[in-house]
Each structure stands twice: as structure tokens, then as C-alpha cells.
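Undergrad: Mind folding the following:
(2 chains)
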Amino acid sequence: MDNASRPRMLTLFLSVLKISAFTFGGGYVIVPLMRKRFSEELGWIEQDEMLDMIAIGQSAPGPIAVNTSILLGYRLMGIRGALVSVLGTAIPPLVVLTLISLIYEAFISNKIVATFMAAMRAGVAAVIADVVWTMAGNIAKKKKPAPIALMAAAFVAVYFFKAPIVLVLLACGLLGFLVSGVASRKEAAR
Amino acid sequence: MSLILTLYWAFFQVGLFAFGGGLAALPLIRDQVVETYHWLDMATFTDLVTIAEMTPGPIALNAATFVGTRVAGLPGSIVATIGCITPSLIIVLILARVYSAWKDKAAFQGVLGGLRPAAVALIASAGVSIAVLALFGEGERIAPDSVDWVALSCFAIALLVLRKWKLGPITVMLATGVVGTAIKLILEAV
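TA: Next up is the predicted model:
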């Protein structure tokens, strides 16, 4: 990667802090933004490895954004990196929610706030559409039928049939394991 | 002291058993906070869900901070957040080591090969839910006559800006919120 710079602790901290402080919509929006920042903008992590971290972060229990930030920090700078990264992710909610919980009745019933939140959803949807476009494109580009079929099936199961996410991840991990087993046996037979 | 410990333990369990991110954590938080310990009544919990989704950052951490502040002030919010993060730190750091040790093993690559498309599908599913909410409103009746044209235009322009000019996603989200709010307020005033 030509735009790669050397990973720095302060940049790691400030990047996750900014993403956590300004990203509305929770883990599914935060994690793609981490990919954009650390893979595309900073070039610290290969696209495929970042996608691995996102997949592992979703499969482990706990907040997805927290899990992914731990994986990211650990990969870049070991245990210290993991702690710095999780701190950067946790500080904004601590500050914002502590303040809001003091005035939350006024916050929740404020008409301008409600209008702003509703209006911003269109922007959040556009951001996710953009990252899904890129991420799904990367998977489709490899022209292997199994991952493309899994992606479509997992989407239908979760969005249309409201399947439990744990089951979908277990099934996909198992299917991936079986498909790769069949593929390597075919290769060995040749 | 015991209240602080109880708070830690309650959110430790939330972090340990929440698979699939913040929205999966909310029912677990309700169990702990409303049913088991009676820290919040159901009406306040409903407000909590709204606030956790309206504010930036991981939804589970937003909820933990809110409950912690209500129960035991600033120390409570810090303890609840740390409780929610502790299981992630333990489990994900183990997974990070497993990942770096087994990254090149065929069987592990097979499992990851299945999880990667699933991870993209989950992000896409969350994105479609947000898009439907943004473009058709709370009722979620998907029909041409219930389209919010302001939101649809904002979505299209935001996506175009993201794809063409590579503007930062956070800037785009906040700008969409500001522009959308301004248009709504002007339309109402006219």
C-alpha cells in the first residue's frame, strides 16, 4: 500500500475517538467507518484483514464497535494498542450520555433534536450504502460463487426472516469450513 | 460499594451474553435493569432505548452510561461501562491471538471465508432498516405515496458525494442532518 504510514498511538486514539463521538446508529455504522479510516485513509491494515476483524468482532459477544476496536488496537500495537483503542471508543459515550441523562426529558421532547435525528438518518443510510457497495464489491470481485451466495442468503435470513444473528454467523462459519474442506480435497485429488 | 459492584456485575453479564451488537443487548439490559434490580421503570427504559439510539457511539455503551449515571452518578456510569467492556476485552484478546496464530491454517481460513460475507450482510441489513426508516418514516409502509421526498433527495445527494468526491462520512452524515432539518423547518414555516 503506497499511502501507508507508520501506526501511531495518538492517531489510533484520536481516530477511534472521533468515530465514536460523531457516528450515529451504533456498531453496524461505526465498524465500516473504522474500515474506511484505517484501511482506506491511513493504509495501516489490508482490506482483507480488516474484513476478518469485522467478522470476528461481530461473532464475539459484546458491543461490535468495542470488539472491533480491541482487535484493531491489538493488531497495530499489542495490548497497549487494544487498551488505547477501547478507551477512545468508550470515552465519547461516557461524556455525552452522562450529560444527556441529566436533561434527557428536555432532550427527548425537543422538536429540533427530533427533526435533526430523523433528517440525519438519510445521511447514515447513504454512508452504509456507500461502504456496503465497496465491501460487497470486494467480495463479488473475486468471482467465487460460494461467498456471494452466502452473503445473499445471510442478508435474506436476517433482514426478511429476522433470523437470530448468532445462528446466521454459526451457519456461515460452518458452511465456510465445509466448502473450503471440499475445495481442498478436490485440489488434493487432482 | 455493593451497589457499584452490582452495577458492574449486571453490565458484565450484558457484555458477555449480547451477540449481535447493541440492539441485541437491549433486551438483556431490560432484564437486568428493569426486571432484576428495578433501577428503572419501563417508561424510563423506553426513553433509554430512544436516547441510546439517538446519541453517537456504540448503543450498548450509551445504555450502560445512562443507567450507571441514574443509579450511582458519575462513578456508576464509569463502572457500568467498564463492566460492559470487560468480557469483550478478555474474549476478543484471546480471539486476536488465535487469529494471528491460525491466520494461515486452511480450516480457519474456511471459517473466516464464511464469516466475511455474513459480516457484510449484517451491515447491509442494518443499513436497509435505517434507509427504510429514513425514507418512509416510522410506519415503515413501503409504498410510492409514503416516500419522504426530502429524505430521498438528501440520501441520493449524500451517496453521490460519498462515491464521487470521497468526502469524510462523518461530515456527510452531519451535513445531511443540518440540511434536512433546515429544509423541513422552512417547508413547515411556508
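
Undergrad: residues contacting the residue nearest to B:G127 when sequence neighbours are not counted?
TA: Closest residue to B:G127 in three dimensions, ignoring its sequence neighbours and counting by Cβ to Cβ, 6 or more residues apart in numbering or on different chains: A:I128, at 3.2 Å. In short, each C-beta sits where N, CA and C put it, glycine included. By Cβ atoms under 8 Å, 6 or more residues apart in numbering or on different chains, the residues touching A:I128 are A:25, A:28-29, A:32, B:123-124, B:126-127, B:130-131.

Undergrad: Just to be sure, A:I128 is in a helix?
TA: Yes. Counting by DSSP: H, G, I helix; E, B strand; the rest coil, one finds A:I128 located in a helix.

Undergrad: burial of the nearest residue to B:T176 once chain neighbours are set aside, as a residue count?
TA: In space, B:T176 comes closest to A:G123 once its chain neighbours are excluded; the distance is 2.7 Å by Cβ to Cβ, 6+ apart. Other residues lying near A:G123 total 32 when counted by other Cβ atoms under 10 Å in any protein chain shown.

Undergrad: Now do the contacts for A:G123.
TA: A:G123 is in contact with B:154-155, B:158, B:172-177, B:180, counting by Cβ under 8 Å, 6+ apart.

Undergrad: Quick check on the residues you listed: which are buried?
TA: The neighbour-count test (16 or more other Cβ atoms under 10 Å in any protein chain shown) marks B:154-155, B:158, B:172-177, B:180 as buried among the contacts of A:G123.

Undergrad: Can I get the residues you listed in TSV including distance to A:K186 and secondary structure?
TA: Formatted as TSV, the buried ones among the contacts of A:G123 follow (distance: Cβ to Cβ, whole Å; DSSP: H, G, I helix; E, B strand; the rest coil):
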residue	distance to A:K186	secondary structure
B:C154	49	helix
B:F155	45	helix
B:A158	45	helix
B:V172	45	helix
B:M173	46	helix
B:L174	51	helix
B:A175	51	helix
B:T176	49	helix
B:G177	52	helix
B:G180	53	helix
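
Undergrad: could you dump the contacts of A:I128 to CSV with neighbour count?
TA: Shown next, in CSV, are these (neighbours: other Cβ atoms under 10 Å in any protein chain shown):
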residue, neighbour count
A:G25, 25
A:Y28, 27
A:V29, 24
A:P32, 27
B:I123, 25
B:A124, 24
B:A126, 26
B:G127, 24
B:I130, 23
B:A131, 20
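
Undergrad: Mind checking what secondary structure the residue sitting nearest the centre point of chain A has?
TA: In chain A, the centroid-proximal residue (Cα atoms, centre = their mean) is A:V31; its distance is 2.4 Å. For A:V31, the secondary structure call by three-state DSSP comes out as helix.
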